[in-house]
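In: Quick one: sequence plus predicted model below, questions after.
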Number of protein chains: 4
Amino acid sequence: MPAELADPRRTVALACRILANSGLVEDILGHVSVRVGHDRMLVRCRGPQEEGLLFTLHRDVHLVDLDGSGDLPAGWVVPNELPIHGELLRARPEIDAVVHCHPPAVLLAGVEEVPLRPVFGAYHIPAARLAVDGIPVYPRAGLVRRPELGRELVETMGSSTVCLMRGHGITTVGSGAHAVEQAVVRALAVDVLARVSVERARLGDRAADLTAEDLAELPDLGSSFNDLNMWRHHIARLRLAGLALE
Amino acid sequence: MPAELADPRRTVALACRILANSGLVEDILGHVSVRVGHDRMLVRCRGPQEEGLLFTLHRDVHLVDLDGSGDLPAGWVVPNELPIHGELLRARPEIDAVVHCHPPAVLLAGVEEVPLRPVFGAYHIPAARLAVDGIPVYPRAGLVRRPELGRELVETMGSSTVCLMRGHGITTVGSGAHAVEQAVVRALAVDVLARVSVERARLGDRAADLTAEDLAELPDLGSSFNDLNMWRHHIARLRLAGLALE
Amino acid sequence: MPAELADPRRTVALACRILANSGLVEDILGHVSVRVGHDRMLVRCRGPQEEGLLFTLHRDVHLVDLDGSGDLPAGWVVPNELPIHGELLRARPEIDAVVHCHPPAVLLAGVEEVPLRPVFGAYHIPAARLAVDGIPVYPRAGLVRRPELGRELVETMGSSTVCLMRGHGITTVGSGAHAVEQAVVRALAVDVLARVSVERARLGDRAADLTAEDLAELPDLGSSFNDLNMWRHHIARLRLAGLALE
Amino acid sequence: MPAELADPRRTVALACRILANSGLVEDILGHVSVRVGHDRMLVRCRGPQEEGLLFTLHRDVHLVDLDGSGDLPAGWVVPNELPIHGELLRARPEIDAVVHCHPPAVLLAGVEEVPLRPVFGAYHIPAARLAVDGIPVYPRAGLVRRPELGRELVETMGSSTVCLMRGHGITTVGSGAHAVEQAVVRALAVDVLARVSVERARLGDRAADLTAEDLAELPDLGSSFNDLNMWRHHIARLRLAGLALE
């Protein structure tokens, strides 16, 4: 693999570890990709000694085209759900990274139709904004292993940066130089929104929606604040947990 | 003990640690066995310095016949519930391993009669398939320490690979070269199904069952994917927790 | 302190750590005592560098009489609630150890009047037996710092080995050579019963009581099995958590 | 920075770590300040390698005036919500420290209007006293980044030592030589009250209020007991978690 891919490869591996260490992945399911050039990507694959996302190594991330073809070492395979990555990167040129994972609270919110309403503000501004904007719901619970299912997901998602897949999980995307970090932090924000919403549902779901006046006091603090500080926080949590990537 | 039993003995000890490290065993109750030849088994026993399943050592696993007789070192005894293992291995020649444990979520689902319905799909395919197939329920809460109670359990279980024991726990089985791994991973899948079902019950249990169309997109990814990847994941979690078996 | 008290002193310190490491104590409240001779006890005191029960040291355990008088080093004081220990040991000669702690699930069960019914069996036999026998409830939420309040508690408790103190916590006792271990394991069993009962209440509290037939299959496995295995398990958990007592 | 500020700076950094290690801060949001002289403060700022409150270093704490002006190193900025600190310290001369954080249970209690009633006693006396006294609620969910919003908060708070900010978090204050420790311990007590209240709400919120007789047996054990013991406990928990501040 070319030397200039060392950094994005490492970022994809770290993203997988962060998702697992934060509970958005419970064991072996989920994957992350980042675009390389126009029509290729680095994607988290599974090898002969697969240990789950929490233990992802550099060697688990490989370069393939948008159909998943590439020069993988013996024993490694691309994810069954490669079309989630391939079809999103093909259809939306502004996207540079894709995260797919299975947060338990999102599963619950999805199948039990818990509303994801905007009722909190400065508690977590990016999650509040997701609730204001609304999160599209892909209604099919099957494995997205055929390109046509990937295209269905793309269509459901529209121009959104996140998508809830009912009975399954979520897909989030990011753009630009820190696309992976952005997609991971968006997944974490969806999870916060789902966790709070599920807990609220158990308490009666009585909270009022945010007022226009509240919304006016919830500025976008920018990607440097929201994405990179949060990313570094989760890298530090990996370090603390003995999960730093060498 | 013959040298060729070193590997299965180690696998049984690791299985005990995995069940405890995953919360399916809270302290000292539960056991695992693997068939040896036609009518013997290696089973997790309790010794004079018993510390619970999380701290199982090689020396805790011993060779006995299906009635629990064998040449145990001084101070070690077979489980009180040996008939769970003995009667299942006697009655079902296709079975090579038995797991018995007490997952808290399964206890709750059992006594409160929480339905274990198939409402999710790609979130966790093996757990979804268990829900589709249905899980037999053994209704008695007592200790299965007499062979006739073991035979009752065998009868309830029929040809199923898992059984919920109301007010008590679960029993799961596995077959073939990776029988122990399979039985452990099945126990983990029952636990996922119970945890999601209990959480859903608290939210109203409104989810619709999976459709035939969804089911058609939930392939069996095979034992190598489902069982061995998951097993390695949990071995890695033991390592991370400082619980690797020397 | 005489050399023959080194062992019971150590046991009291370990008991404090186990209670905290198991979540029955959240921070600095709670204490453990063991009888010495007829009318003295070793009790967990608080010193000038108090760090909470999880970090109890040998030097925190001191010999006092049943009124709390003794030769404490400068800066150490007996618990405010010494009468819990003193009055129980005075009134009941068969008792040799007392545990007082604040398990969160027991608090909830107490104030919300969640029934602690016997609905499970082999899942946890000692907890099931507590539910069958019934747990007395001391209804006052105040600090038990006067002897007359201690005597009220003794009266409520009767001949029981455990007591729920509403809005406050629990007190448990043990007898004989392993009195401390027994009192700790009884506290853990009350906590299991409360945790399951609270979770069941959230699911509707529909479970049927155990039948006489079930009860007949729930033998008392004895103190060696129930108390000492469990104690060693929790000692091993302390070691794993980096909390072994030197 | 003058040498005499080394200790308060360290205390502010530890306070941030304790709040995060106790779950009152989930990642990067929240801050702590301590008054210096009449019109300056040491406050937790954010630098170019920000990693979240759990990983706060001495270098993250800087001296600024009550409007947030000061000689910060390149790349460090004061919190967006500096007016929480500046306006409280300006308006209330008796206050010497301010804590702002986002405990999840308080968020839930606030938006779902869960009553924070006094139903427990010796379980946690400082939390019981907060419930008796009542906790003021600031109703706006926006970011408190303008001085006029800070002054609104001050007005809502009145002479209280704690304030619930609906849809946002909490602010607590402390006074005197151990002002930071006191403000942190008050935040922990608000969290205990909110956690118990949320759990009680799920069980029906049937508990009776404390009686006058119970209240009479709940003495204030003093700041040395309540604040400093608790602070040392949480410092010890940081040490155990590998989070001691060098």
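Out: Arrived safely, thanks for sending.
In: wouldn't A:L14 be in contact with A:I235 here?
Out: Yes. Using CB atoms under 8 Å, A:L14 makes contact with A:I235 at a distance of 6.6 Å. The way it works is simple: take the backbone N, C-alpha and C, and place the C-beta from them, glycine included.
In: Pick out whichever of those two has more residues nearby.
Out: For A:L14 and A:I235, the more surrounded residue by other CB atoms under 10 Å in any protein chain shown is A:L14, and the numbers stand at 23 against 20.
In: Now do stretch A:218-226: distance from first to last residue.
Out: 13 Å (CA to CA, to the nearest Å).
In: if you average pLDDT over that stretch, what comes out?
Out: Summarised as a single mean, pLDDT over stretch A:218-226 is 87.
In: Give me the contact list for that stretch.
Out: For stretch A:218-226, the surrounding residues in contact (CB atoms under 8 Å, 6 or more residues apart in numbering or on different chains) are A:121-122, A:125-126, A:128-129, A:178, A:182, A:185, A:210, D:80, D:141-143, D:145.
In: try 6 Å this time
Out: Residues from elsewhere that reach stretch A:218-226 (CB atoms under 6 Å, 6 or more residues apart in numbering or on different chains): A:G121, A:I125, A:P126, D:G142.
In: And stretch A:52-64, by the same measure?
Out: Outside stretch A:52-64, the residues within contact range by CB under 6 Å, 6+ apart are A:9, A:12-13, A:16-17, A:20, A:25, A:27-28, A:30, A:40, A:42, A:44-45, A:47, A:70, A:72, A:78, B:233, B:236.
In: May I have the phi/psi pair for the residue of chain A found nearest chain C?
Out: Of all residues in chain A, A:R202 sits closest to chain C, at 8.3 Å by CB to the nearest CB. As for A:R202, its main-chain torsions (degrees, to the nearest 10) stand at phi -70, psi -20.
In: how about whichever residue of chain A sits closest to chain D, what does it touch?
Out: Distance from chain D to each residue of chain A (CB to the nearest CB) is smallest for A:E217, at 2.4 Å. A:E217 makes contacts with D:G142, D:L143, as judged by CB under 6 Å, 6+ apart.
In: Specify the residue positioned farthest from the middle of chain A.
Out: Distance to the chain centre peaks in chain A at A:E213, reaching 30.8 Å (criterion: CA atoms, centre = their mean).
In: what helix or strand does that one sit in?
Out: helix A:212-216 (DSSP states H and E).
In: and that helix, what does it pack onto?
Out: Helix A:212-216 makes packing contacts with no helix or strand when contacts are defined by 3 or more CB pairs under 6 Å, 6 or more residues apart in numbering or on different chains; DSSP states H and E.
In: Contacts for stretch A:104-119 next, please.
Out: By CB under 6 Å, 6+ apart, the list of residues contacting stretch A:104-119 from outside reads A:128, A:131-132, A:135, A:164, A:166-167, A:170, A:193-195, A:197-198, A:201, A:207, A:209-210, B:119, B:123, B:199-200, B:203, B:206-207, D:111.
In: got the CA positions of it in CSV?
Out: Taking C-alpha atoms only, stretch A:104-119 is exported to CSV below (Å, rounded to 0.1, in the frame of the first residue of the first chain):
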residue,chain,number,x,y,z
PRO,A,104,-28.1,-0.7,21.1
ALA,A,105,-30.1,2.5,22.0
VAL,A,106,-30.7,3.3,18.3
LEU,A,107,-32.0,-0.2,17.7
LEU,A,108,-34.5,0.2,20.6
ALA,A,109,-35.6,3.7,19.4
GLY,A,110,-36.0,2.4,15.9
VAL,A,111,-38.1,-0.7,16.5
GLU,A,112,-40.2,0.8,19.3
GLU,A,113,-40.7,4.0,17.3
VAL,A,114,-39.4,6.2,20.1
PRO,A,115,-39.5,9.8,18.8
LEU,A,116,-36.1,11.5,18.5
ARG,A,117,-37.4,15.0,19.4
PRO,A,118,-35.3,18.2,20.1
VAL,A,119,-35.9,18.7,23.8
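In: buried set for it?
Out: By neighbour count on 16 or more other CB atoms under 10 Å in any protein chain shown, the buried set for stretch A:104-119 is A:104-112, A:114, A:116-119.
In: With respect to B:L66, which of those is nearest?
Out: Nearest to B:L66 out of those is A:P104 (CB to CB; 39.7 Å).
In: and the closest one, how far is that from A:G23?
Out: The gap separating A:P104 from A:G23 is 7 Å, by CB to CB, to the nearest Å.
In: repeat for A:P219
Out: For A:P219, the distance to A:G23 - CB to CB - is 29 Å.
In: which residues does A:R202 contact?
Out: Counted by CB under 6 Å, 6+ apart, A:R202 has contacts B:R202, D:R202.
In: Can you give me the pLDDT of it?
Out: 97.
In: nearest residue to A:L14 other than its sequence neighbours?
Out: Spatially, and ignoring its direct neighbours in sequence, A:L14 is nearest to A:L245 (5.7 Å; CB to CB, 6 or more residues apart in numbering or on different chains).
In: Am I right that the one you found sits in a strand?
Out: No. Membership of A:L245 in a strand is not supported by DSSP: H, G, I helix; E, B strand; the rest coil, which gives coil.
In: what's the neighbour count on it?
Out: 16.
In: same thing with A:R146?
Out: Residues near A:R146, counting by other CB under 10 Å: 14.
In: Burial check on the spatially closest residue to it that is not a sequence neighbour, number of neighbours?
Out: Sequence neighbours aside, A:P83 is the residue nearest to A:R146 in space, at 6.4 Å (criterion: CB to CB, 6+ apart). Other residues near A:P83 come to 25 when the count uses other CB under 10 Å.
In: Okay, and the residue nearest the centre of chain A sits in which element?
Out: Residue closest to the mean C-alpha point of chain A, counted by CA atoms, centre = their mean, is A:V99 at 3.3 Å. Using DSSP H and E, A:V99 sits within strand A:97-101.
In: helices or strands next to that strand in the packing?
Out: Counting by 3+ CB pairs under 6 Å, 6+ apart, strand A:97-101 packs on strand A:31-36, helix A:82-91, strand A:169-174, helix A:179-202.
In: how about the helices in chain A?
Out: A:6-21, A:82-91, A:104-111, A:125-133, A:147-157, A:179-202, A:212-216, A:223, A:229-240 (DSSP state H).
In: Of the ones you listed, which shows the lowest average pLDDT?
Out: helix A:223 (a mean of 83).
In: which residues touch the residue nearest to A:R146?
Out: With CB under 6 Å, 6+ apart, A:P83 has these contacts: A:V144, A:P147, A:G150.
In: So for the first one, what's the nearest residue that isn't a sequence neighbour?
Out: It stands for A:V144. A:E81 (4.7 Å).
In: Now do the same for the one you found: its pLDDT.
Out: A:E81 is given a pLDDT of 98.
In: Can you give me the separation between the nearest residue in space to A:G30 that is not next to it in sequence and A:L19?
Out: Nearest in space to A:G30, with sequence neighbours left out and distances taken as CB to CB, 6+ apart, is A:C101 at 3.9 Å. Here A:C101 is placed at a distance of 5 Å from A:L19 (CB to CB).
In: quick one on the thing from earlier: okay, the helices and strands packed on strand A:97-101 in TSV with distance to B:L88 next?
Out: As requested, those are exported to TSV (distance: least, CB to CB, whole Å):
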stretch	distance to B:L88
strand A:31-36	38
helix A:82-91	40
strand A:169-174	35
helix A:179-202	38
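In: what about the residue in chain A that chain B sits nearest to, neighbour count?
Out: At 2.4 Å from chain B, A:G142 is the closest residue in chain A, using CB to the nearest CB. Neighbour count for A:G142, taken as other CB under 10 Å: 22.
In: wait, isn't it in contact with B:D214?
Out: Yes. With contacts counted by CB atoms under 6 Å, A:G142 reaches B:D214, the gap being 5.2 Å.
In: who touches both of these two?
Out: With CB under 6 Å, 6+ apart, A:G142 and B:D214 have common neighbours B:G121.
In: Next, count neighbours for A:A74.
Out: 6.
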